[in-house]
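Visitor: test case, fold it:
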Amino acid sequence: MSPHSIQNIVDDLSEKLKKRRGVINPADFSGNYKLALDIQNRISVHCKSRQFPTDLMKAKAPNETVQELQYRKDIFEPITRPYWDRALGAINRIWAEQNFSITWNDPAVQQYFTRDLPVYGSLLTYFKTIVTPYKINDPNAVLMIDVGEIPVMEDEDTGELVIDQTKELSPVCKIYAADKVLYFDRDEYVFVLGEDSSTVIGRGDKAERSGMVFYLMTTTTLYRIYQYGKKTEYQFKISEVYEHNLGYLPARRLGGKQLTESQDDDIIYESYFMPAIPNLNKALKLDSTLDISINKMAYPVRTYYEVACTNTGCKGGKIAGGPVYDASRIDSMQDLPTAATLKDCEVCHGTGILMGFSPMRDYIHTPRHNAGTDTQVPFPGFAYVSPDPTILQFNQQKIKEDIERAFMFLNIDVSVDKAGTGGSKTATQSKIDREELFSFLLIISEELFGLLRFSINTILQLRYPNSQKSEVTICQPMTFEIRSLDEITAEIQSAQTNNAPDAVIRELLKEYVVLRFSTAKNLDVVLKAAFYCDALITKSDASIALLKGQNLISTLDAILHVHIFYFLEQKLLEDENYFSKKLPDIKKDMVEMALLKVGELM
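Guide: Residues are numbered from 1 along each chain as shown. Purely as a prediction, here's the structure:
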């Protein structure tokens with residue numbers, strides 16, 4: 001982008017902010033921005049806490065007063081949020097470590113991506129906890145590779161701070177929500193609202209840290225556009241942060257299902273959870289009405305005949321005599337002198353009626369007659385009226401069905417009555433097709449791993465621009481089964497019994513190690529250590545016993561084979577960095593532990 005083009009964008013934005021007094025109004029931006037914002041808003045009511053869907057509720061009950069709408073807002077609870085989160089849990093099957101692998105090829109590269117990445121430590125952790133839910137909740141958010149904190153040094157000649165070329169950058173991934181992405185050209189640039197602030201002159205000509213800051217990333221350079229001067233004038237300066245010269249834009253939308261309404265050089269996406277929104281909206285609206293109905297209907301209402309106080313001198317709970325009076329019952333200040341001689345009736349206690357409820361008191365009903373007749377009013381004179389709760393029960397069931405049906409369209413089971421908990425499958429659960437779920441996950445998985453590959457390759461180029469670092473190899477998942485240690489152990493035993501090829505058993509052992517040593521920092525080293533220390537690792541217990549009986553292996557070899565994973569686990573418990581040791585040293589430790597075990601058996 002030319003300096004002139006950048007200045008035009010900044011000037012245009014400045015005028016829009018002046019017009020709206022600093023408010024970013026979707027009406028001032030492209031159709032794509034408004035469409036992305038609409039998608040974000042439609043989803044956010046189901047994935048964010050306490051975000052009241054005003055437009056949704058107005059459409060449901062257009063004749064409600066402002067006060068009634070406010071009451072809805074005051075008692076609102078996001079009933080669909082837990083189910084949305086549960087559905088996201090199904091998406092996290094994608095990151096089951098037993099189903100994919102990453103070969104780093106360079107220890108320094110692995111160290112940075114798995115332990116030293118700023119803020120999150122591990123890039124995989126960032127993708128699991130941040131990128132994946134963001135992709136579902138806000139598909140038009142932008143993932144940008146930021147250069148991170150730039151190392152600087154003082155120039156010996158000028159004394160100015162300049163970039164220290166001897167130090168590596170620490171690039172990071174940053175996500176900007178759709179409402180922060182004001183301009184986007186997928187091949188040229190992205191213009192976003194930053195989270196930091198600049199210093200401006202506010203009220204009383206005092207400096208304050210409340211100025212707006214934007215970032216512009218192009219195919220060659222990262223710019224910071226920050227507000228200065230008087231806060232109300234919305235003036236901006238453009239500063240160059242870093243010239244990366246990648247030749248491509250290090251930013252992508254998180255993506256989803258592509259919309260045909262997209263325009264210009266941008267593509268707008270719908271969330272893969274969008275088919276669930278209509279039924280979730282129904283459930284949300286019905287739950288709000290149900291809360292109101294419960295408050296209105298679920299509590300018994302007392303109904304009774306009102307009996308006037310029998311005290312002859314009582315008028316409305318007050319009798320003449322004495323200086324006692326209740327100022328709250330005086331109609332006007334002019335009544336004060338007369339009212340000053342009134343006091344509460346001791347019979348009705350100032351109420352004017354003989355009804356007083358207490359768990360220790362009975363209400364004696366005096367038969368009454370209809371006015372002007374001898375017809376006695378039928379008993380009872382006091383009763384509890386309890387509304388029929390059938391409609392409330394119907395609404396509760398309808399909410400549950402709407403939510404389950406919403407995710408049924410995505411082949412995700414969010415029902416509470418899970419199979420295996422003692423209850424039978426519901427009709428909804430029986431419709432969940434496992435293979436269809438995996439097909440659904442495969443689409444999302446391919447896109448997530450595409451973003452992961454893009455992020456790793458871009459970070460590599462920024463961090464090691466003049467180095468020939470080996471490319472990271474990623475094998476993305478083709479299945480999304482999540483198996484337990486017991487299941488994998490049984491499969492290994494079956495493979496050994498049936499004399500499966502060593503290559504097959506080795507792959508199963510890799511899955512076993514990933515699960516058993518999930519907290520280890522270098523799983524590949526755990527695998528190497530196990531295979532390095534135990535030459536018989538692919539053999540079954542029966543084969544080991546046979547070889548031992550024929551004196552083809554020693555007792556030490558057999559003990560080492562049987563206990564190898566236990567020994568490694570013990571060392572890991574003693575030292576979480578144990579697997580940073582060299583393989584010969586690890587083998588020495590394993591042999592020593594095996595010798596001790598042999599001594600115990602002798």
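
Visitor: can you tell me how far Thr103 sits from Ala283?
Guide: Per CB to CB, to the nearest Å, Thr103 is found 45 Å from Ala283. Where C-beta positions appear, they are placed from N, C-alpha and C, glycine not excepted.

Visitor: and the two? which has more neighbours close in?
Guide: Of the pair Thr103 and Ala283, Ala283 is the one with more neighbours under other CB atoms under 10 Å, namely 24 against 13.

Visitor: helix or strand for that one, which one?
Guide: Using DSSP states H and E, Ala283 sits in helix 277-297.

Visitor: any buried residues in that helix, and which?
Guide: Buried residues in helix 277-297, counted by 16 or more other CB atoms under 10 Å: 277, 279-288, 290-291, 293.

Visitor: return the member of those residues nearest to Leu451.
Guide: Nearest to Leu451 among the buried residues of helix 277-297 is Ile277, at 23.5 Å by CB to CB.

Visitor: for the closest one, which non-adjacent residue is spatially closest?
Guide: If you skip the residues right next to it in sequence, Ile277 has Arg42 as its closest partner in space, 5.9 Å away by CB to CB, 6 or more residues apart in numbering.

Visitor: try Glu149
Guide: Counting by CB to CB, 6+ apart, Glu149 lies nearest to Ser170, which is 6.1 Å off, once chain neighbours are set aside.

Visitor: can you tell me which helix or strand the one you found belongs to?
Guide: Here Ser170 sits in a region with no helix or strand, counting by DSSP H and E.

Visitor: tell me how many other residues crowd it.
Guide: 18.

Visitor: my read: it touches Pro118, true?
Guide: Yes - here Ser170 reaches Pro118: they are 5.4 Å apart, a contact under CB atoms under 8 Å.

Visitor: what do these two both touch?
Guide: Common contacts of Ser170 and Pro118, defined by CB atoms under 8 Å, 6 or more residues apart in numbering, comprise Gly148, Glu149.

Visitor: the strands in the stretch 401-550 of the chain, which residues?
Guide: 473-475 (DSSP state E, counting those that start in this stretch).

Visitor: where do the helices of it begin and end?
Guide: Ranges of helices in the stretch 401-550 of the chain, per DSSP state H, counting those that start in this stretch, are 427-430, 434-463, 485-497, 502-516, 523-533, 541-549.

Visitor: nearest to Asp38 among these would be which one?
Guide: Checking these against Asp38 by CB to CB gives helix 434-463 as the closest, at 21.6 Å.

Visitor: does anything pack onto that closest one? Which helices or strands?
Guide: helix 81-91, helix 123-126, helix 132-137, strand 142-146, strand 473-475 (3 or more CB pairs under 8 Å, 6 or more residues apart in numbering; DSSP states H and E).

Visitor: need the winner for burial among these.
Guide: The highest mean neighbour count among these, using mean count of other CB atoms under 10 Å, belongs to strand 142-146: a mean of 23.

Visitor: and that one, what does it pack against?
Guide: strand 172-176, strand 189-193, strand 251-253, helix 434-463.

Visitor: buried set for the helix or strand just after the first one?
Guide: Under the assignment DSSP H and E, the closest C-terminal helix or strand after strand 172-176 is strand 181-185. Of the residues in strand 181-185, those scored as buried under the neighbour-count criterion (16+ other CB under 10 Å) are Val181, Leu182, Tyr183, Phe184.

Visitor: tell me the contacts of the last one?
Guide: With CB under 8 Å, 6+ apart as the criterion, the residues that contact Phe184 are Asn32, Val142, Val190, Phe191, Arg253, Asp266.

Visitor: state the distance from it to Leu35.
Guide: Counting by CB to CB, the gap from Phe184 to Leu35 is 12 Å.

Visitor: ditto for Asn92
Guide: Note on Asn92: its distance to Leu35, by CB to CB, is 28 Å.

Visitor: and Lys180, by the same measure?
Guide: In this view, Lys180 and Leu35 are 15 Å apart by CB to CB.

Visitor: quick one: Asp287 and Ile399 touch, right?
Guide: Yes - under the criterion of CB under 8 Å, Asp287 makes contact with Ile399 at 5.4 Å.
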